[in-house]
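S.K.: give me a 3D structure for the following:
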Amino acid sequence: MANPNSMLPLYEKNGYKHNYKRVLDSIILILLLLLLGYRFISVNNYSLPWFVALMCESWFTLGWIFTMSTQWTPALVKTYPQRLLQSVEELPAVDLFVTTADEELEPAIITLQTSQHIGSLSVKKFRQEWLQMKNMYENLSHEIDVNTKSIPTLLEGEIAVFSNTNRTNHPAIIKVIWENKEMGEDGLPHLIYLSREKRPKQPHHFKAGAMNVLTRVSGLITNAPFMLNVDCDMFVNNPKIVQHAMCILLESKGEKEVAFVQCPQQFYATLKDDPFGNQMAILYKYIGAGLAGLQGIFYGGTNCFHRRKVIYSLSPDDLENGTHISEEDLKQKFGASKELTKSVVHALEGRTYLPSDINVKIAVEEASQVACYGYEYGTAWGKQVGWMYGSITEDVLTGLTMHEKGWRSELCTPDPVAFTGCAPSDHPTSMSQQKRWATGMLEIFFSKHCPIFGTIFAKLSFREFLAYMWIINWGFNPVALVCYSCLIAYCIITNSYFLPKDQGIYIPITIVVIYNVYTLYEYLASDMSTRAWWNNQRMSIITPMNAGLCGFITVLLKLLGISNTVFDITKKALPPFSDDTRDKNAGRHTFDESLIFLPGTTVLLLQLTAILIKLLGLQKQVMRGNYECGMVEMLCSVYLIICYWPFLRGLFETGKYGIPLTTICKGGTLTCLFVFLCRRTVSG
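M.R.: Numbers count the residues shown, from 1 in each chain. Have a look, this model is predicted:
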C-alpha cells in the first residue's frame, strides 16, 4: 500500500500582499514622476542646478521602480521535513564547505565553533567523535602555529607540509583530519583540510577560485549531489536545516526547476540599535520575501545549498532533453584529470558514490593535482563551470548565471532560523565590506553577464532583471547622492536654488514625510526601536556616499585600465561575552586613514562651509529675491550635517574615534577647491 504522505508536496510557496505598502509605494512613485514633470515644465528655470537635480531625481525615480518591483509580490516558503523522511528511503549526501582566508581577520576558533552547540548532539557516540575530531583539529592548528613561529624549518611528520610556506606562496595542502572508516551511517563523515596552491603573481580569483577547488576536490572524494557552503563565522542554528533544504531540492517540481536554496542570515551578539546599519533585518524581511515571489532570491555567498550538476553548468533544457558530453569535451571543459571527469559524468547522470567506492588516500593524491593553480588553464572553470570569475561579488554573479539559464532559486526560512553569523562590529570593517559589494555589483553590470543581456538574450525574467538592477544600483546610487549633496552646497554658496519656489515645493516635502513615516512604521512593526530606524536612515546616506562612491571610482579606474580591484576580507570578530550596554564605547564610530572616509569628510566640510557663508552674508547678491537660495536648501544642508553627526564628532575626537588629520586636510583642500570653482562659476 502506498504511503499517503508520498503524494503530499514536500514544500509549499504561498504569496501574500502588503496592501498598505503597495499604496504608499505607488504614491511615492507618482510624486517622484510629478517632480520630474515639474522640472520639465519649469522652462524659465533651466540652469546648471536644474540639470543636475533633474539627472539625480531621474535616477532616484528609476531606483524606486527597482525597489517597488522587487518587493511587490512577496511569498513565504513552508517545508515539511516529516513528509520527506516518510517518502524518501535515504537522504542524499551533502558536502559542507567552510571557507576561511586569513588567520588574523578570520580566527580559527570561529571556524571551530561552526558545530558549536554540543548539547544538541543527542547520540553519545556522535558526541564523542565530534569532540575527538575537534581536539585533533585544535592540536594540529596549535602545533602548526607554535612551530611556525619558533623554528619553521624544523616541522616534521604530518605537519612538515607547512614548512616554508606563506599565504601567497605555497603548494596545495590537503590533510585528512578525520576519516570515517566504518563506511556506515553512524559516526561523523570525513573532515578534510584543504589549502589550494598559490604562487606570486598568479591569479587565484579570490573566493570563487577557492570554491571551485573545493568543488573539484570534493568531487573526487565524495561527489555528493548537493553542496552547502558557509562562511567561517556561521553557526548552524537549526540542526534540521538539511532536511528543510532537501524538501525543496528533492520535491518533484523543485528537482526540475530549483538550482539552489538560500537561507537568510541572522546575526548573533549584535550591537544595540544597529549603529552601523549593517544588520539588514528589514532588508531580509521585505526584499528577501519579495525575491521569493519572483524567479528567486540572489545567491548570498553563504548559507546556500547547491546542486552539483547545476554547478557543473547543467541547464533546465539539458535536464529535460538529456545531455551527452564527449570525452574530449569533458577534458576541455573540466580539465585533464580522468578521475574528476569520471566523477562529473556520475554527477550529471544523477549517480552517486557508495562508501565502498571511495578510497580517501588515493583520492587525496589525485586531489592534489586539481588543487594546483595551473589546473584551470584552458578549461571552462570560472567561465561556464563552477563559481564565476570576473567580479569580487562572485556569489551574486554565480547566482545570476544560473537564473539566466532558466533556473529558479528558493528562500528557506525554517523556525528556528537556519544559520547565525556575526556582523562587522566597527565602522571601517563595515565600510570595507560595503565597498566590496558596490564594486562587485558594478563589475557585474559592465560584464557579459549584465542582467540587461540576461533578459534580452537568455531566460532571466523581466522582474528578476529589475531585482538584479536594484542590487546593482548599490554601485550607481552613490554618484547621484554625492552630486545631490554637492548641489545643496553649491546653491547656498552661489545664492541660487534647485528646489521649487512655488506650490511645487510641496512635492518633495510630501515625498520625504511619507517615506520616513512608513519606513519608521516598518521598523516599529518589526519590534525594532526608533533609534534603530534612525541609525539605518543615517547610514543609508553615509554608507553609499563613502563606501559606494569609492567602489564606483575603483571600477572606473579598472575600466580605464589604471588599476584592478582588490578583494578585502571582512574581519570576523568573536562574539562579546558581556552585554554591550555595559560598554559605553560599543557602537561608537571609529575611523582610519583609508580613503573610504574622505568623501564623507569632504561632504560634511562642504555643508559646514556653505552654512558659514550664508550666516556671514558672503553669498552673491541677486537682483530678484525670488531666485536666491531659500530656507529649504538650508534645511537640506542642516539635515545632511545631522546625518553626518559621527563624522562631525570625529573632527574633534582623537585616537581611533577621530578622523585622521591627513583625511581632514584632504577634505579641506577639496572643499576649498569646490568653493573656488563655485565662485568662478558665478563670476563667469
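
S.K.: where does residue 401 land in three-state SS?
M.R.: Under the three-state scheme (DSSP: H, G, I helix; E, B strand; the rest coil), residue 401 adopts helix.

S.K.: that one and residue 449 touch, don't they?
M.R.: Yes: applying CB atoms under 8 Å as the test, residue 401 and residue 449 come out as touching, 5.9 Å apart. For the C-beta atoms, the positions are set from N, CA and C on the backbone; glycine is no exception.

S.K.: give me the common contacts of these two.
M.R.: Counting by CB atoms under 8 Å, 6 or more residues apart in numbering, the residues touching both residue 401 and residue 449 are residue 388.

S.K.: what about residue 75? Give its phi and psi, please.
M.R.: Listed backbone geometry of residue 75 is phi -140, psi 150, with angles given as degrees, to the nearest 10.

S.K.: which other helices and strands contact the helix or strand residue 538 falls within?
M.R.: Using DSSP states H and E, residue 538 maps to helix 530-543. Under the contact definition 3 or more CB pairs under 8 Å, 6 or more residues apart in numbering; DSSP states H and E, helix 530-543 sits against helix 427-445, helix 506-525, helix 631-643, helix 645-650.

S.K.: ok, the closest residue to residue 211 other than its chain neighbours to residue 308 distance?
M.R.: Nearest-residue entry for residue 211: residue 387, 4.4 Å, with adjacent residues in sequence omitted and distances by CB to CB, 6 or more residues apart in numbering. Taking CB to CB, to the nearest Å as the criterion, residue 387 is separated from residue 308 by 13 Å.

S.K.: now the common contact residues for those two.
M.R.: Counting by CB under 8 Å, 6+ apart, the contacts common to residue 387 and residue 308 are residue 215.

S.K.: tell me the most buried of the helices and strands packed on helix 530-543?
M.R.: helix 427-445 (a mean of 24; mean count of other CB atoms under 10 Å).

S.K.: quick one: distance of it to the chain centre.
M.R.: Average the C-alpha atoms of helix 427-445, do the same for its chain, and the two points are 8 Å apart (CA atoms, centre = their mean, to the nearest Å).

S.K.: repeat for stretch 367-382
M.R.: Per CA atoms, centre = their mean, the displacement of stretch 367-382 from the mean C-alpha position of its chain is 26 Å.

S.K.: residues making contact with that stretch?
M.R.: Contacts with stretch 367-382, where a contact means CB under 8 Å, 6+ apart, come from 171-172, 174, 194, 196-199, 202, 204-205, 208-209, 212-213, 216-217, 220-221, 313, 332-337, 340, 385, 388-390.

S.K.: now, which of those residues lie within strands?
M.R.: Taking DSSP state E, the ones among the contacts of stretch 367-382 that sit in strands are 174, 194.

S.K.: quick one: buried ones out of the contacts of stretch 367-382?
M.R.: Buried members of these, scored by 16 or more other CB atoms under 10 Å, are 172, 174, 194, 196-198, 204-205, 208-209, 212-213, 216-217, 220-221, 313, 333-335, 337, 340, 385, 388-390.

S.K.: among the residues you listed, which are in helices?
M.R.: For these, the ones inside helices are 208, 209, 212, 213, 216, 217, 220, 221, 333, 334, 340, with DSSP state H as the criterion.

S.K.: so the first one makes contact with residue 398?
M.R.: By that I understand residue 208. Yes: taking contact to mean CB under 8 Å, the distance of 7.3 Å between residue 208 and residue 398 places them in contact.

S.K.: shared neighbours of those two, which are they?
M.R.: Counting by CB under 8 Å, 6+ apart, the common neighbours of residue 208 and residue 398 are 387, 388.

S.K.: got the angle for the helix holding residue 538 vs helix 427-445?
M.R.: 60 degrees (axes from the mean of the first three to the mean of the last three CA atoms, to 10 degrees).

S.K.: what's downstream of helix 530-543, the next helix or strand?
M.R.: Sequence-wise, the next helix or strand beyond helix 530-543 is helix 549-559, with elements assigned using DSSP H and E.

S.K.: and that next one, how far from the chain's centre?
M.R.: Centre to centre, stretch against its chain (CA atoms, centre = their mean), the figure for helix 549-559 is 18 Å.

S.K.: residues making contact with it?
M.R.: Against helix 549-559 from outside (CB under 8 Å, 6+ apart): 434-439, 441-443, 446, 475-476, 478-479, 482, 563-565, 595-596, 599.

S.K.: buried stuff in whichever helix or strand comes after that helix?
M.R.: Once the chain leaves helix 549-559, the next helix or strand it forms, by DSSP H and E, is helix 598-615. Along helix 598-615, these residues count as buried under the neighbour rule (16+ other CB under 10 Å): 598-611, 613-614.

S.K.: what do you get for stretch 470-489?
M.R.: So for stretch 470-489, counting by 16+ other CB under 10 Å, buried means 470-482, 484-489.

S.K.: mark which of these are part of strands, please.
M.R.: Among those, DSSP E puts none in strands.

S.K.: now the helices for the stretch 251-400 of the chain?
M.R.: If DSSP state H, counting those that start in this stretch is used as the criterion, the helices of the stretch 251-400 of the chain fall at 252-257, 281-283, 289-292, 308-311, 316-321, 327-334, 338-348, 360-370, 394-404.

S.K.: which one, of these, ends up nearest to residue 301?
M.R.: Taking CB to CB, helix 394-404 is the member of the helices of the stretch 251-400 of the chain nearest to residue 301, at 3.2 Å.
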